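Asks: Here's a sequence, model it:
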Amino acid sequence: MTLIESTEMESIDFSSKGENINIVERLIDDLCEKHSINEEHYGNILIALTEAANNAIYHGNRQDPEKTVHVEYEADGDTFFFKIEDEGPGFDFENVPDPTSPENLEKPNGRGVFLMKHLADEIEFKDGGRIVELKFTNLSKPVEATA
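Replies: Residues are numbered from 1 along each chain as shown. Below is the predicted model:
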């Protein structure tokens, strides 16, 4: 199964340096402005994508500036697709510790996958965790509150 349904994807590549997260932020700003996405959806997309890019930079590529983060994206009506890929060894995405467990609440990191899963409408990990695909749908409708 793949979340990305067409070949009309655009892409950007950047080296694995922390300051390059601003490239992803500018991409989200531009896409959301171009497609008139409301603030609630904008926030969800921005947080999920910056978490994915941060994970690729810091965990996947270990901040090695010789390694690249590859981001593919497509805006199709009121649906956005993103694919973030790093050159790292991958990770066990099925056994990520729950950041809401009492023993993990005080830890300074470990929330990225949790946030992506809760903010994106669909998420899929591929290639041993080196690739994450995120899908955001119904972007023309207000965000529903979750209990």
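Asks: Please name the nearest non-neighbouring residue to residue 65.
Replies: Of all residues beyond its chain neighbours, the one nearest residue 65 is residue 15 (4.6 Å), with distances taken as Cβ to Cβ, 6 or more residues apart in numbering. The C-beta positions use only the backbone N, C-alpha and C, and glycine is treated the same way.
Asks: who's in contact with the one you found?
Replies: For residue 15, the contact set (Cβ atoms under 8 Å, 6 or more residues apart in numbering) comprises 65, 66, 67, 68, 69.
Asks: what helix or strand is residue 26 on?
Replies: helix 21-34 (DSSP states H and E).
Asks: and that helix, what's its mean pLDDT?
Replies: Confidence over helix 21-34 (mean pLDDT, whole number) is 96.
Asks: Tell me which residues of that helix come out buried.
Replies: Of the residues in helix 21-34, 21, 24, 27, 28, 31, 32 count as buried by neighbour count, 16 or more other Cβ atoms under 10 Å.
Asks: following it, which helix or strand comes up?
Replies: That would be, after helix 21-34 and using DSSP H and E, helix 39-54.
Asks: List the buried residues in that following helix.
Replies: Buried residues in helix 39-54, counting neighbours by 16+ other Cβ under 10 Å, are found at 41-42, 44-54.
Asks: Please apply the same query to stretch 56-65.
Replies: Buried residues in stretch 56-65, counted by 16+ other Cβ under 10 Å: 56, 57, 58, 59, 60, 61.
Asks: Pick the one among these closest to residue 136.
Replies: Among those, residue 56 lies closest to residue 136 (Cβ to Cβ), at 18.3 Å.
Asks: one step back: relative to helix 39-54, how tilted is the helix holding residue 26?
Replies: Here helix 21-34 runs at an angle of 150 degrees relative to helix 39-54 (axes from the mean of the first three to the mean of the last three Cα atoms, to 10 degrees).
Asks: what residues are up against the residue lying closest to residue 87 once chain neighbours are set aside?
Replies: Excluding its sequence neighbours, the residue lying closest to residue 87 (Cβ to Cβ, 6+ apart) is residue 67, at 4.3 Å. Residues near residue 67 by Cβ under 8 Å, 6+ apart: 15, 16, 60, 61, 86, 87, 88.
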